[in-house]
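> Sharing a model prediction with you, sequence too.
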Amino acid sequence: MYSFDIQRPSTVADAVAALATDEAQPLGGGQTLIPTLKQRLAAPSVLVSLSGIAEMKGICTGDDGSLCIGGGTTHATVAAEAGAYLGLASLAGNIGDPAVRNRGTIGGSLANNDPSACYPAAALASGATIVTNSREIAADDYFQGMFATALEEGEIVTEVRFPVPEKSAYMKFEQPASRFALVGVFVAKYADGVRVAVTGASEEGVFRWSEAEAALSSNFSADALEGLSVSGDGMISDLHGSGAYRAHLVGVMTKRAVVAAR
Amino acid sequence: MTKVTMTVNGKSVSGEVKGNTLLSDFLREDLRLTGTHVGCDTSQCGACVVHVNGEAVKSCTMFAAEADGAEVGTIEGQSNEDGSLNVIQQAFQDHHGLQCGFCTPGMVMSAAALLKDNPKPSEAEIRDYLEGNICRCTGYHNIVKAIMAASGQDVPAVAAE
Amino acid sequence: MPKDHGIGASPKRREDVRFLTGAGNYTDDINVHGQAYVHFLRSDVAHGTIKAIDTSAAESMPGVVKIFTGADFEGVGGLPCGWQVTDKHGEPMKEPAHPVLCQGKVRHVGDPIAAVVADSLEEARTAAEAIDVDIEELPAVVDMGAALESGATKVHDDLDDNLCYDWQFGTDTETTDAAFAKAAHVTTLELVNNRLVANPMEPRVAVGDYSRANDEHTLYTTSQNPHVIRLLMGAFVLGIPEHKLRVVAPDVGGGFGTKIFHYAEEAFCTFAAKACNRPVKWTSTRSEAFMSDAHGRDHVTKIELALDADNNFIGVRTDTKANMGAYLSTFSSSVPTWLHGTLMAGNYKTPAVQVNVKAVFTNTVPVDAYRGAGRPEATFQLERVIDKAARELGVDPIALRRQNFITQFPYATPVAVEYDTGDYEATMAKMEELMDIPGFAARRAESEKNGMLRGLGVNCFIEACGIAPSNLVGQLGARAGLYDAATVRVNATGSISVMVGAHSHGQGHETVFPQVVAEMLGIDESMIDIVHGDTSKIPFGMGTYGSRSLAVCGSAMVRATEKIINKAKKIAGHLLEASDSDIELKDGQFTVAGTDKSVAWGDVTLAAYVPHNYPLEDIEPGLEETAFYDPANFTYPAGAYACEVEVDPDTGKVTIEKFVSADDFGNVVNPMIVEGQVHGGIAQGIGQALLENCAYDENGQLLSASYMDYAMPRADDLPHMADYVVDHSCQTPCTHNPLGVKGCGEAGAIGSPPTVVNAVIDALHSGGHTHVSHIDMPVTPSRVWAAINGQ
């Protein structure tokens, strides 16, 4: 790693102030950033650790019934305490491994927007609101391609608000080495329709599968997906699977998520 | 350099660390607690698992500065007060749950964290929990067996003969 | 009742206590006062000419002690290859130079161009970034077929082409062709034995130290064989005589073959410690390990099996391309030849077996022995082609194998080796019993109810361990002996230190070896300690690989202990005023036969060191003996394996549902440890079959360069306890070593890959996908899906 200083602010305001320095970078749980730093792929002068900010941690229910999760909340906490949204809790409980879940945070995951990460699928399929130190961003506007988001320099995810669906499930087909999603599909059924978000598959990062959403909104069953498929064009093709294989898995995982939804 | 103070295996320790000093480096090089091992650089192998405030974490993926004020537990603090092996360590020996020993400290620390939350895990739950601990020697069979035995569950005796 | 001590017992491992309490002493735990750290600047291109290296900016960076390039090593030797293979024309293999640091060219991603020694690792790394290397990139040679085409880019400019050797072995061409000409059926299969990375969990480490006071070098290193490193590095690379070079391999965190070899980093740290007058330490990262540890396997093979009208095997012919990588690693050349060709008869009495191997240089990391080394490659192709033949002929794959078993021993194969003993029918029958083969149909039906395809795969294997004897392997090109050595040092009060040439890095020698000595002497195991891993403490032994430790080093230990017993009987005879020929040793007591006159072990050992009442005119004081043991033959473990898989036809995912191994290891000293070795071998074999793949792109970039892309088997990839049995109850003792042992370290990795692939093909056929005759390993979900869908 290159040399840098670490700051550990205890409030969002202090963190934002610290991040105003040149080459400062926020540090969430560090489960992706620290390996990146080891490879010397980033050279911050200051890392601003968000792990000491109490106001960014924890889970509560908002006035509109949505589930509000602090940006600094670990995956383990979401898995244990987001029982009001089973699909989300289950997703969080299968990210990485137990030790990673004890450090990694929802805000960090969404800020990084790895194309194979799980949380982006949940946020997009839920139509979540990403709350930062300065504004609120709709999930549909937030994800802007692989590792790209609407966040500005120095902006941090302080909270994520999830409208709680009637039924939901996340189905992940794991890449056998990293155990990230080779394809992950989150299906969420709301009173006003079904949303389906796919991670791991596309070169553009997480995306909504609108044909499936339309079909499922009129008939929430696996049968409704018969004959629907996504194109392999624009899908990631690598050592672990071709674009065509990933496209195929999108269909399979979507069906399985519909069957598993509760 | 930043001064950090933490409790490691029940003893208060302090040291001067750089921003980029990993907790694993601090334990191994500053405190000479070399039982915590480093087997990869992508946060996957789990040889470096320690407990921070009672939770399993990968000490190679956490900065020492972030552990300031924390309670840290390492493999060196796991034995009983009289120095004998604790229940989990003893089960690993009884069931041949280790060969070269390199992944073992992380395995024991993960097993301890699992059994704290889930005192009677099923075999499938143990295998799932060990997703972040890679062993190249044992094929995991005897590790899983050791953890089941440590939780007081019946397992087949060691060796078929 | 199982035994509770001695040979055949399973005492708890004594080494476990230090490993379980964090008190192990691995190489990276060793810091030498004043040490500096080295960072290697490695090539990020697969092939190129080094036009210039400018280190001037880096030299003035903070903390830098010294920067080395290939020019600093022009006066020393290159890394040697320990086995010279002679090709089918009688010519020696091509043996290109392998410099410690690159000279003139880079030949694989990871090839070390320069080394920066600095006060801290981060300073070394930062300075390395300031080194300006001008490389003119050349086309990369990656595919072996393309590498052999005329006019292909050459990995080594001073060679004629990329062919290391063209080797032929076994039955002559005329006889082999005649067998195929009269065949009623010929089955042909082309397959890949996938390139693997051994991945012991402890990455390699080297610490070089030098004493100006006495011109002595010490190297602490993660090695399976410290004496081999001392010999190769001292004699061939750095020119340091043995008495000035100490090699220490302390606790080593797994090896699996990849820590046999002598590596550039070891020579560098030893050399640099003197040049810098400071200890120099290198600790590999895992990412670095992927591009600097020798890889394993990587064969592309066409195998043909000829059968007569009664389904008897009448001929086997193979044509293999074996990837050497960019340079010849220490034992690389022996793997596709003598460790592979000699096993191509398998368990079968096929009269004609011809093996053809072309070894090829490519711009990839060198390839060398990895758990099994040649034998998994032989077994995989043979057992896959037999399975394919059974399917083509519509016969039961178990019956086809059984019909062709070798049943008379000793048996001389057409590929030069003589199996001393075995009983393949016994292991097959044991496997069938444990697998409950009659119950398979019901299990398949149950799987199908859940939409899954279930397949059963079986497989037999033979392997060869404890490669020997030295005079024979010398004729075959080995540049080292393959004996081992042990010194049994009995102390005055009766405790014993046994100094052994074998190295324990997970095998449990510290527990097992005392079981043998204790049994022979009738004393408690706790009185015996094993010393290993330090050339200044142990006799010249060849270390641990090829499942040889007990069969070879254990035999040396038995011989040395026999010498101890003989001498102790003389001392006891003197004390008891009887002839030593009348002395019996039992339970640690020396007794005059037929009397109740006896003297205890401790009285005899004390007399040896306090020789007041002692026959000084006849025998020397003291009780210490050394033996070197050079085996008369290989040992031949064999077995029958079976597994059942479920294939999810929608995703292609394969799950191991049931696995049985029935091995014949001859006599077993510690059943617990034997089972542990088999568990580990099977996990690596299942890893090869389903998960692991070291892949390069067409430019020679390593695609699987970390655990993010190289899939290591985890706990949830392997069968559950209730559906997993490893059995070693079939025992035909080795006929030519004193313990009757054969070796168990590699069997699991040899026997399991074809078992798994055979099961997957069976599952696919049951689902109607009969066009799928083979899927190359690793049988990943995407490959299964592609095969099902004809993609």
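Cool, got the structure.
> can you pull the contacts of residue C:443?
C:454, C:644, C:657-658 (Cβ atoms under 8 Å, 6 or more residues apart in numbering or on different chains). C-beta coordinates here come from the backbone N, C-alpha and C atoms, glycine included.
> Nearest to residue B:132 among those residues?
residue C:657 (24.7 Å; Cβ to Cβ).
> Determine which two of the contacts of residue C:443 are furthest apart.
C:454 and C:658 (9.5 Å).
> so what sits against both of those two?
Residues within reach of residue C:454 and of residue C:658 at once, by Cβ under 8 Å, 6+ apart, are C:443, C:644.
> Could you check how far the nearest residue to residue C:180 once chain neighbours are set aside is from residue C:396?
Leaving aside its chain neighbours, residue C:180 sits nearest to residue C:306 (4.7 Å; criterion: Cβ to Cβ, 6 or more residues apart in numbering or on different chains). To residue C:396, residue C:306 is 20 Å away according to Cβ to Cβ, to the nearest Å.
> Look at those two and report which has more neighbours.
residue C:306 (23 against 12; other Cβ atoms under 10 Å in any protein chain shown).
> The more buried one contacts residue C:353, correct?
No. The pair residue C:306 / residue C:353 is not scored as a contact, 10.5 Å apart, by Cβ atoms under 8 Å.
> Need the residues touching each of the two.
What both residue C:306 and residue C:353 touch, as defined by Cβ under 8 Å, 6+ apart, is the set C:315-317.
> Among those, which one lies nearest to chain B?
Of all those, chain B sits closest to residue C:316, with 31.2 Å by Cβ to the nearest Cβ.
> So which helix or strand of chain C has the lowest pLDDT on average?
helix C:470-475 (a mean of 91; mean pLDDT, DSSP states H and E).
> that older thread, so is the residue nearest to residue C:180 in a helix, a strand, or just coil?
strand (DSSP: H, G, I helix; E, B strand; the rest coil).
> Report pLDDT for it.
Note on residue C:306: pLDDT of 98.
> can I see the domain layout of chain A?
Domain assignment for chain A by automatic domain parsing gives A:5-49, A:56-162, A:167-260.
> so what's residue 83 closest to, chain neighbours aside?
Looking at chain A here, since you left the chain open. Closest to residue A:83 by Cβ to Cβ, 6+ apart is residue A:89, at 5.9 Å.
> That was the other one, I meant chain C.
residue C:334 (4.0 Å).
> what do you get for residue C:130?
Spatial nearest neighbour of residue C:130, excluding adjacent residues (Cβ to Cβ, 6+ apart): residue C:58 at 4.1 Å.
> Just confirm that neighbour is within a helix.
Yes. Assigned with three-state DSSP, residue C:58 falls within a helix.
> can you count the residues close to it?
By other Cβ under 10 Å, 22 other residues sit near residue C:58.
> just residue B:114 next, same as before
Neighbours of residue B:114 (other Cβ under 10 Å): 22.
> what about residue C:733, distance to chain A?
Computed as Cβ to the nearest Cβ, to the nearest Å, the residue C:733 to chain A distance reads 41 Å.
> wait, isn't that residue in contact with residue C:664?
No. Taking Cβ under 8 Å as the definition, residue C:733 is not a contact partner of residue C:664, at 9.6 Å.
> Now do the host helix or strand of residue C:165: everything it contacts.
Element membership for residue C:165, per DSSP states H and E: strand C:163-170. Residues outside strand C:163-170 that contact it (Cβ under 8 Å, 6+ apart) are C:85-89, C:91, C:93-94, C:148, C:176, C:324, C:328, C:333, C:336-337, C:341-342, C:344, C:352-361, C:414-416.
> Which of these fall in strands?
C:324, C:353-361 (DSSP state E).
> near chain A, which residues of chain C?
C:122, C:125-126, C:129, C:285, C:287, C:650-653, C:691, C:693, C:695, C:703-704, C:707-712, C:780-782, C:785-786, C:791 (Cβ under 8 Å from any Cβ of the partner chain).
> Give the buried subset of the contacts of strand C:163-170 as a ChimeraX selection command.
Applied in ChimeraX, the following selects the buried portion of the contacts of strand C:163-170 according to 16 or more other Cβ atoms under 10 Å in any protein chain shown:
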select /C:85,87,93,94,148,176,324,328,333,336,337,341,342,344,352,353,354,355,356,357,358,359,360,361,414,415
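> ok, how many other residues are close to residue A:17?
Using other Cβ under 10 Å, residue A:17 is surrounded by 15 other residues.
> on that earlier part again, buried set for the least confident helix or strand of chain C?
Those would be C:470, C:472-473, for helix C:470-475 by 16+ other Cβ under 10 Å.
> quick one on the thing from earlier: now, which of the residues of chain C next to chain A lie within helices?
Judged by DSSP state H, the residues of chain C next to chain A include C:122, C:125-126, C:129, C:287, C:781-782, C:785-786 as members of helices.
> show me the contacts for the closest residue to chain B within the stretch 151-262 of chain A.
Among the residues of the stretch 151-262 of chain A, residue A:179 lies closest to chain B, at 6.6 Å counting by Cβ to the nearest Cβ. By Cβ under 8 Å, 6+ apart, the residues touching residue A:179 are A:96-97, B:131.
> Check the gap between whichever residue of the stretch 51-200 of chain A sits closest to chain B and residue C:399 for me.
Residue of the stretch 51-200 of chain A nearest chain B, by Cβ to the nearest Cβ: residue A:97 (2.6 Å). Taking Cβ to Cβ as the measure, residue A:97 falls 45 Å from residue C:399.
> which parts of chain A sit against chain C?
A:1-3, A:38-40, A:173, A:176-178, A:238-242, A:244-245, A:248-249, A:252.
> Out of those, which end up buried?
A:1, A:38, A:173, A:176-178, A:239-242, A:244-245, A:248-249, A:252.
> Would you map the strands across the chain?
In the absence of a named chain, chain A is used. A:5-7, A:24-27, A:46-49, A:59-61, A:67-70, A:129-132, A:136-138, A:157-162, A:167-174, A:181-190, A:193-199, A:207-208.
> wrong one, chain B
Assignment of strands within chain B using DSSP E yields the ranges B:2-8, B:11-17, B:49-52, B:55-58, B:71-73.
> what does the model give the closest residue in space to residue B:87 that isn't next to it in sequence for pLDDT?
In space, and not counting its chain neighbours, residue B:87 is closest to residue B:150: 5.1 Å by Cβ to Cβ, 6+ apart. At residue B:150 the predicted local confidence, pLDDT, stands at 98.
> and residue C:1, what pLDDT?
57.
> picking that back up, who has more neighbours, residue C:733 and residue C:664?
More crowded of residue C:733 and residue C:664, by other Cβ under 10 Å: residue C:664, with 26 against 18.
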